[in-house]
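# Dropping the sequence and predicted coords here.
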Amino acid sequence: ILNVEQSPQSLHVQEGDSTNFTCSFPSSNFYALHWYRWETAKSPEALFVMTLNGDEKKKGRISATLNTKEGYSYLYIKGSQPEDSATYLCASWGAFSGAGSYQLTFGKGTKLSVIP
Amino acid sequence: DGGITQSPKYLFRKEGQNVTLSCEQNLNHDAMYWYRQDPGQGLRLIYYSQIVNDFQKGDIAEGYSVSREKKESFPLTVTSAQKNPTAFYLCASSDRDRGRLGYTFGSGTRLTVV
């Protein structure tokens, strides 16, 4: 089973601050890296899917980078707003327990709280 | 709008009873998945299905069963053999190509066994 690690576990920032979190994943048998945003009482929502080493994706104030050789991805939020408060999940598509099939393995998430 | 519907939102059952959680999608996705979330843990895969009438065990399939008789539907049964069934259950779907566009999730069912 793949291990996907996210840090920090939780984060409190002031409105207007920029912030970033880390996702690390096994670099062998890598296919894709997903980032999701999960607001309380709502469904997780896909932010980015990245596959290529050096990929950078951006959606508004949120951006992400990918390093498949060293097995990490960063998510950046510029000028945090209270509505950015959510849990941010990353997940890696990779080989599943050597069974020959691939699955998406999730990290535990980073819970972001933006203080007005 | 297309999406995934999970029902019910909250479910209470007595210990020893089987219970079925519903998941329906109208996105025309081939693949569907069931995840379980426990406090302090990441989402863990229970079962997945990439095509009608076929499904595979995930990391924690023991005590669960599924069926995929229709493309739109992927119900999960929590059986009495599941030792710790109280948890939050999420259903998801994706295109068959390894979820290259990301997964679409339902809003979840919180199951409490008393």
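Looks like it arrived, so ask away. Numbering: from 1, shown residues only, chains lettered A, B, ... in the order given.

# Pop out the phi and psi values for the closest residue to chain B within chain A.
Relative to chain B, the nearest point of chain A is A:Ala46 (2.9 Å; C-beta to the nearest C-beta). Just so you know, the C-beta spots here come from the backbone N, C-alpha and C atoms, and that holds for glycine as well. Dihedral angles phi and psi of A:Ala46 (degrees, to the nearest 10) take the values phi -70, psi 130.

# OK, contacts around it?
Contact analysis of A:Ala46 by C-beta atoms under 8 Å, 6 or more residues apart in numbering or on different chains lists A:His34, A:Trp35, A:Tyr36, B:Leu101, B:Gly102, B:Tyr103, B:Thr104.

# Test for you: state the pLDDT assigned to it.
Among the per-residue scores, A:Ala46 shows a pLDDT of 93.

# And for the one 3 residues further on?
The predicted structure scores A:Val49 at 93 on the pLDDT scale.

# check which helix or strand covers it.
Element membership for A:Val49, per DSSP states H and E: strand A:45-50.

# Give me the residues contacting the helix or strand just after that strand.
Downstream of strand A:45-50, the next assigned helix or strand under DSSP H and E is strand A:56-59. Identification of contacts with strand A:56-59 by C-beta under 8 Å, 6+ apart yields A:Leu47, A:Phe48, A:Met50, A:Ser63, A:Ala64, A:Thr65, A:Leu66.

# Same question for stretch B:41-53.
Residues contacting stretch B:41-53 (C-beta under 8 Å, 6+ apart): A:4, A:89, A:91, A:103-109, B:30-38, B:55-61, B:64, B:66, B:68-71, B:74, B:76, B:89-90, B:96.
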